[in-house]
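Here is my input; please provide its structure:
(4 chains)
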Protein chains: 2
Amino acid sequence: MGRGKLQLKRIENKNNRQVTFSKRRSGMMKKAHELSILCDVDLALIIFSARGRLYEFCGCNERRWIRILNTFQVEGPRIEQLRLSELIQLEQKLDGMLRQTRRRKTQLMMEAIACLQEKVKKLNEQKQLMEKMIAAAESKDALQHEDLVMEQAGNNSKPPPQNVVLQLL
Amino acid sequence: MGRGKLQLKRIENKNNRQVTFSKRRSGMMKKAHELSILCDVDLALIIFSARGRLYEFCGCNERRWIRILNTFQVEGPRIEQLRLSELIQLEQKLDGMLRQTRRRKTQLMMEAIACLQEKVKKLNEQKQLMEKMIAAAESKDALQHEDLVMEQAGNNSKPPPQNVVLQLL
DNA sequence: GTCCCTATTTATAAGGG
DNA sequence: TCCCTTATAAATAGGGA
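Numbering: from 1, shown residues only, chains lettered A, B, ... in the order given. Below you'll find the predicted structure:
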């Protein structure tokens, strides 16, 4: 595109290269954004500028990063190809992420456990309370309608009290 | 581009959406490739198709993946935002990668150590050999040029034999 | 899905400030 | 470096097979 036709090879003029980088980078970012909206897909575009260690980034949330991580073993770095210094760097990175992940996981699980314990406790209290109520109601029925109690015994007395309580909640 | 002007919103017609996805995806891949060549930069373009778990990928080698990993803490998933099931998945992924990395690191280090030990052994052998040669040469000099030996004593005798040997190799 | 075609819209190379 | 302009090269929507 543009005034001249483009050869697919490294642009040697430093200034032109920088200008082209800037233009095409923003062009790609725009297209990436359009694609994600138009077609409703997840995508990531990551560009490292040649000098410096700046990078660009587009359209990724937490979930997408996980998916990107999942591409690692398929298309990602073949560990065998890395040098020792790179392995050490990678190890530190992974170790840090893993620690962070485990800390958060532990935290969530502890919260979930505490929450469930609380629920169990409350339910047990309610259960005991209702068992008493049922027992009271039955003894009352026994006094006022002895005949009915005899008829419905198969329905009301068979299921253990817990079930009655649970169904009520 | 094309016959009609495009609205930046999800394409509702499923067929059109799929066609557009396919066209634009290949267009972006091409542009990504061009950018990496023309401007000599590292970049990654990762696209997840809406259905299925297919992904596309472009222009990343081992080194680039490491750089991508490095963007994690800056722009990557905020661990705090993930759900328990995602954390577990992430943990397994990281754990596997970390094991693999450490295994390879250990392997490389062991190789390096063995290699260096070998070198040290050889050097020590050479050192001992040359110490003997030097000792022999000195005693020979002492017999033939007692005066010269006396003059050069400050230069030749001061440095310990090891240094002499190391400089020779 | 894919490939081809063509009218149009976009992207962008080159150049100047 | 960024912004503007303009001529041109590319990308692509819509449609057909």
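
Show me what the lengthiest helix in chain A is packed up against.
Taking DSSP state H as the criterion, chain A has its longest helix at helix A:84-144. Packed against helix A:84-144, as judged by 3 or more CB pairs under 8 Å, 6 or more residues apart in numbering or on different chains; DSSP states H and E, are the following elements: helix A:146-156, helix A:161-168, helix B:62-70, helix B:72-75, helix B:84-144. Where C-beta positions appear, they are placed from N, C-alpha and C, glycine not excepted.

Give the lowest-confidence helix or strand of chain A, using mean pLDDT as the measure.
None of the helices or strands of chain A scores lower by mean pLDDT, DSSP states H and E than helix A:161-168, at a mean of 48.

which bits of chain A sit near DNA strand C?
Neighbours of DNA strand C within chain A, by CB under 7 Å from any atom of the strand: A:1-4, A:6, A:16, A:19-20, A:23-24, A:26-28, A:30-31.

at 10 Å what do you get?
Within chain A, the residues that sit near DNA strand C (CB under 10 Å from any atom of the strand) are A:1-7, A:11, A:13, A:15-17, A:19-31, A:33-34.

Quickly note the distance from A:Asp40 to B:Leu35.
To B:Leu35, A:Asp40 is 25 Å away according to CB to CB, to the nearest Å.

Looking only at neighbour counts, state which of those two leads.
B:Leu35 (23 against 14; other CB atoms under 10 Å in any protein chain shown).

still on that earlier bit, just the buried residues of the residues of chain A next to DNA strand C.
Among the residues of chain A next to DNA strand C, those classed as buried by 16 or more other CB atoms under 10 Å in any protein chain shown are A:11, A:17, A:20-21, A:24-25, A:28-29, A:31.

which of these lies closest to chain B?
Taking CB to the nearest CB as the measure, A:Phe21 is the one of these closest to chain B, at 4.0 Å.

What score does that closest one have for pLDDT?
The confidence metric pLDDT takes the value 92 at A:Phe21.

ok, and A:Leu43, which helix or strand is that part of?
A:Leu43 is part of strand A:42-48 when elements are defined by DSSP states H and E.
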